[in-house]
Structure formats: structure tokens, C-alpha cells
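Asker: Kindly generate the corresponding structure for this input.
(one chain, ligands or ions: 2)
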Amino acid sequence: VNVDLVIHNIGELVTLAGPRRARAGEEMGDIGILKSAAVAVTEGEVVETGPSKRILRDYQGERSIDAGGRIVMPGFVDCHTHLVHGGSRENELAMRMAGKSYLEILEAGGGIHSTVAATRKANEKSLARRARRNLDLALAHGTTCMEIKSGYGLEPDTELKILRVAVDLDEDHPIDIVTTFLGPHTIPQDMDREEYLAWCAGPGLQAADELAEYVDIFVEDGAYTLDEAQVFLEAAKARGFGLKVHGGQFNDLGAAGLAAELGAVSVDHLEEVSDGQIAAMAEAGTIGVMLPGAAYFLFTDYPDARRMIAGGMALALGTDFNPGSSPTLSMPLMTSMAVLQLKMSPEEAICAATINAAYACGRGEYLGSLEKGKAADLIILEAERAAQIPYYFGTNLVSTVVKDGEILLGGEYE
Ligand code: NIG
Ligand code: FE
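Answerer: Ligands and ions are numbered 1, 2, ... in the order given. From the prediction side, this is the model:
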């Protein structure tokens, strides 16, 4: 059979083949590794995976790549970022090293507010230019799908400007983009709290309708309360948005339980969460998104991933890329932190960074695993075994990136 592309002589092909849903609890440890394998691709989709010998016998690739025993896995899905923003905040790192806390800086009008000022000032063109450069960096680290939130406007025009930039990036850049309206990211300094939340839950949702698939809200001391979250999330749900919540980053205000009750797709952060809410999330199928970059950068406790997996939850991983709490675009580094700090196994970390992350942003049906009919979004890494991805921390092992069957980076080996 003639196909567009055959990648063969793969040391370990990490397929993530399995049920068509996020993998929960023990299932996260099974990532469907095939040894001495190959993958056949046509029209942007996976045709078949299997033993290298058999695939080479059955398929004739118009192009072929000899992977030389390297590993191949699905492209990373970064299911939580604040990619579109102005400015940077390395000055706050210095303040925090001198003893000020993240929430103190925020309350004093710095933190998110300083990024809000920079983002309001920037025009769409300059925001897009910066975001595109960062998407290129993410792609080079193996990310082929990314969720992007608004939230650095905190006023109508800028919130919608961010979403428009993110939507346009989906056209302009090979990385698939999923957009989320995070109007209620924190309390604006120049608008009444109730008035702004009323805009978010009413006209804001209406305007975001064609720009975003998901909504999100930051439930935290100094940001929004549980009651405010309920109002906003119920309004969003009634309009057909998928729901996400920033919950339990510093304090457990009960956001995870509320999110589970409302059928949210994910609760993100969860450094602080009670057993009862873990049970509710497991029962509801609400995914826990681990953002170890933020805990690393803000010196908070890491989320207790073992307790959540033992409780039957599905976990995903994201970078949380943003200028204040996690300025990294590296999903491979997140798998390292997941193993070394969250005590996840390498397999669980890879599952969290691919198929579960895809489900956490509504793309699991088509992305996140290498199975017949799914997207040929895959990467080749300078490693022989999947467990080496978290092991070689801080070094980018990604040497080839294929998106929808097209070789975007690399593809040539000696
Ligand atoms: O996910 N926690 C709230 N939002 C971001 C941080 C935003 C910022 O500091 O600019 C987060 O960690
Ligand atoms: Fe975030």
C-alpha cells in the first residue's frame, strides 16, 4: 500500500493506544509501547502502527525516516498556558528571592496587574509577533497542540483582543490552538469587582462565544470567591462553554468540588485539595491538571499527584506558561518535574503530557495517541527508551517534529 510517510526502525514507539477517554488511576501507567516498531502515515493521519518489519513489508512510503532506534511518541499537548501577553517579570523573581511572596506582590498592584498594563498597551500585531516566536520555541520542544487563555486584559477590549490574537494564531501557526476565556483571572484595579464579574458572566461570555471553547476562573484569596465562581461557571455552562478552573493553587476554597459538580473538564493547579474533592473529581471524570512549573517557580508545595491517582483521578500536565508563575514552554521539563517532584512514574508523566492533556482541552478524540485515524502529530527524540524523557531533564531531546503528517523540523538522520 502506498502512503505518504513511513517512520521505521523505532526503538520504542509510545502509542498511548487505549480507551477513547482520559486515562484514570492505574490506567495512566499503560502507555502502549511497541518495540522495534514503525508507523505509517497518510493524509495527515496514522494508518497503522506495528512491528517495523511488517509495516515496511505492507507499506511503501513516499517519504521514509529511519529513526535509528530512537523513540517516537505523540506530540506534547500543553493544555494550560497564558501564551498571549505583553512584557516579562524577571524583576519579580528578584523581589521574591528577597522574601516577598507572590500574593503580596499581587496585592501591592504588581504581579498579574503589571502584565495587564503591558498587555493593554500592546497592539494585536506585537502580541501576535511575540506569541508566534514562543509557539516556535514550544514546537521545537515537541508541543503540537496548545491551550491559550485570555486573562491579562481585565477589561472588555483587551480580553477580546487576546482571544482574537489566539484564534488567529491557530491559522498562522502549525501548532493547534484551543482558546479559553479567563476574564475572571483576578480583580481589576480600575473597575468595580461586581461590575467586572457581571460583564464576564454576561456580555463577556456572549462576545467570547465565537472566540473561545472554554472558560476559566481563578478561585483564590485575593482573586475570586467560590460563590462568584459558581455564578460565572453556571452562566458559561448555560451558554455551552466547557469549564476549567484555576483551583487550590495556594488555598483550598472548594473550587475542585464545585467544578466536579458542574461537570468541568479540568481543575488546574490543585496544590491544595481535600480527599472529598478528589473523590468528586474522579467520579465526575474531571481531569486534574498538574502545573509543576508554577510550584517550582513560586516555591509552593507540589500537588500530591500520588493521592490523586490513588483516588482514581485522571491527571494531565501543562506548562502554565505565563510571565509571573511559570515562564517555561518545555513540556519535556514538566515530565521531569512530574517524576522527580510529583512522584509520578515516567509512564504516568508521558500519559499526562499527551492523551490526558488532549482530553483536558477537548482534543482527545483526534490527538494525544498514535492510533489508526488519529492525527499524525508525532515527535522523534534523542533517546532509546521512553523513561529517558524525564531522566535527561532540562535538555531538549526533540529532534524531529511531524504535524498532521508534515515534517516541520528535522526528519533526517545519518
Ligand atoms: O496560573 N494563578 C493565576 N494565574 C497564573 C499566574 C498569572 C501571573 O502571575 O501572571 C497561574 O499561575
Ligand atoms: Fe494558569
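Asker: separation between the residue nearest to A279 when sequence neighbours are not counted and I278?
Answerer: Nearest residue to A279, sequence neighbours excluded (CB to CB, 6 or more residues apart in numbering): G311, at 6.1 Å. Just so you know, the C-beta spots here come from the backbone N, C-alpha and C atoms, and that holds for glycine as well. Between G311 and I278 the computed distance is 4 Å (CB to CB, to the nearest Å).
Asker: Which residue of the two possesses the greater neighbour count?
Answerer: I278 (23 against 20; other CB atoms under 10 Å).
Asker: Unless I misread the structure, that one falls within a helix.
Answerer: Yes - counting by DSSP: H, G, I helix; E, B strand; the rest coil, one finds I278 located in a helix.
Asker: residues touching it, list them.
Answerer: For I278, the contact set (CB atoms under 8 Å, 6 or more residues apart in numbering) comprises A256, R307, M308, G311, M313.
Asker: isn't the residue nearest to A279 right up against A282?
Answerer: Yes - if you go by CB atoms under 8 Å, G311 and A282 touch, sitting 5.4 Å apart.
Asker: if we can go back for a sec, out of the contacts of I278, who's nearest ligand 1?
Answerer: For those, the minimum distance to ligand 1 (CB to the nearest ligand atom) is 14.7 Å, reached by A256.
Asker: What is the neighbour count of that closest one?
Answerer: Residues contacting A256 under the criterion other CB under 10 Å number 31.
Asker: M191 now?
Answerer: Residues contacting M191 under the criterion other CB under 10 Å number 14.
Asker: So it belongs to a helix, correct?
Answerer: No - with three-state DSSP as the criterion, M191 is coil rather than part of a helix.
Asker: tell me which parts of the stretch 101-250 of the chain are close to ligand 1?
Answerer: Within the stretch 101-250 of the chain, the positions near ligand 1 by CB under 6 Å from any ligand atom are G111, I112, T115, F218, H246, Q249.
Asker: Swap in 5 Å and give it another go.
Answerer: Applying CB under 5 Å from any ligand atom, we find that the stretch 101-250 of the chain lies next to ligand 1 at I112, F218.
Asker: And the strands in the stretch 101-250 of the chain?
Answerer: 143-149, 176-181, 214-215, 218-219, 242-247 (DSSP state E, counting those that start in this stretch).
Asker: Residue for residue, what is the longest strand the chain has?
Answerer: For the chain, the strand that runs over the most residues, judged by DSSP state E, is strand 2-14.
Asker: hang on, the earlier thing: so which of the contacts of I278 comes closest to Y214?
Answerer: Of all the contacts of I278, Y214 sits closest to A256, with 16.6 Å by CB to CB.
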